[in-house]
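Chemist: can you look at this prediction? I've put the sequence above it.
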Amino acid sequence: MPAVSFIDAVPNHVSLEEHRLLTGATPTSFSDIPPVLRQKVDNVRIAFDPPLDNFSPDDGALGTLYIIESVLVYHSSTGRTLQVEYPSIALHATSRGDSSPYVYCHIDEPPAADAPATDADDTLVMRVLILTPQDPASLEPIFEALSYCASLHPDPQGSDDGDDDDDDDAYIDADTTAFEVFTGEEDEELSEVGRVRNAPINDNRYQPY
């Protein structure tokens, strides 16, 4: 499944309270219960770097962000709707600098089908996703909900490397080596999920707007 894909409509979901009621009623199948919507934020701008094909600046200028436990969804005011798979989000953090506060994510994507063959270590392509809420007060709720939902979808990479001793390395070094590769300034914050997944950030040159 691609890391970012276009969909026809926002996936079915329920509130946390609705989910509690449904699970408390002993349903026939728990798998039939829609995933929980952890946060819905209106008036959000998004941008991709490099740009996403078939997604114009107008599409990302204004929309609603749905942080659902199963997938991250953006519904644009232009009618375009896309989703981002949580396992593809290698790292996410916040920036509260001079520009509008935003959450940025590093997304690992598989190469295009027509891309030339490369070594196994170079099979992923990195794309940056910037989420900028119109209301700065929404930044922390977005960050916390994204952190929680991402933690429900562990990174599958490295799970089959054949070396059991490496399975816990990311967790052991979560507060030391893994954190040190983050090059953000004092007004930037790396999530716990981002520390665990740990993807190097090249630099701070990216300016979304």
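Modeler: On my side now, so go ahead. Residues are numbered from 1 along each chain as shown.
Chemist: what does the strand ranked longest in the chain rub up against?
Modeler: Secondary structure of the chain per DSSP state E: the longest strand is strand 37-49. Applying CB atoms under 8 Å, 6 or more residues apart in numbering, the set of residues contacting strand 37-49 from outside is 4, 13-16, 55, 57, 60-69, 74, 127-135, 138, 141-142, 144-146, 148-149, 206, 208-209. Using the backbone N, CA and C atoms, a C-beta is placed for each residue, glycine as well.
Chemist: again, only using 7 Å
Modeler: With CB atoms under 7 Å, 6 or more residues apart in numbering as the test, strand 37-49 has contacts from 13-15, 55, 60-69, 74, 127-135, 138, 141-142, 145, 148-149, 206, 208.
Chemist: mind listing what's buried in that strand?
Modeler: Buried residues in strand 37-49, counting neighbours by 16 or more other CB atoms under 10 Å, are found at Leu37, Arg38, Gln39, Lys40, Val41, Val44, Arg45, Ile46, Ala47, Phe48.
Chemist: now stretch 70-78
Modeler: Buried residues in stretch 70-78, counting neighbours by 16+ other CB under 10 Å, are found at Ser70, Val71, Leu72, Val73, Tyr74, His75, Ser76.
Chemist: including distance to Leu21 and pLDDT, could the buried residues of strand 37-49 go into TSV?
Modeler: Output for the buried residues of strand 37-49, formatted as TSV (distance: CB to CB, whole Å; pLDDT from 0 to 100):
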residue	distance to Leu21	pLDDT
Leu37	14	98
Arg38	17	97
Gln39	20	98
Lys40	19	98
Val41	24	98
Val44	29	98
Arg45	34	98
Ile46	32	98
Ala47	38	97
Phe48	37	97
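Chemist: any idea which of these is closest to Leu91?
Modeler: Phe48 (15.5 Å; CB to CB).
Chemist: show me what that closest one is bridged to.
Modeler: Beta-bridge pairing of Phe48 under DSSP bridges involves Leu129.
Chemist: measure it to Tyr86 for me?
Modeler: 17 Å (CB to CB, to the nearest Å).
Chemist: mind listing the helices for the protein?
Modeler: Under the criterion DSSP state H, the chain contains helices at 16-24, 57-61, 139-151, 169-172, 177-180, 192-197.
Chemist: who does the longest one touch, helix- and strand-wise?
Modeler: Pointing back at helix 139-151 there. Other helices and strands packing on helix 139-151, by 3 or more CB pairs under 7 Å, 6 or more residues apart in numbering; DSSP states H and E, are strand 37-49, strand 63-68, strand 89-95, strand 102-109, strand 125-133, helix 192-197.
Chemist: mean pLDDT for those: which is lowest?
Modeler: Within the helices and strands packed on helix 139-151, the stretch with the lowest mean pLDDT is helix 192-197, showing a mean of 44.
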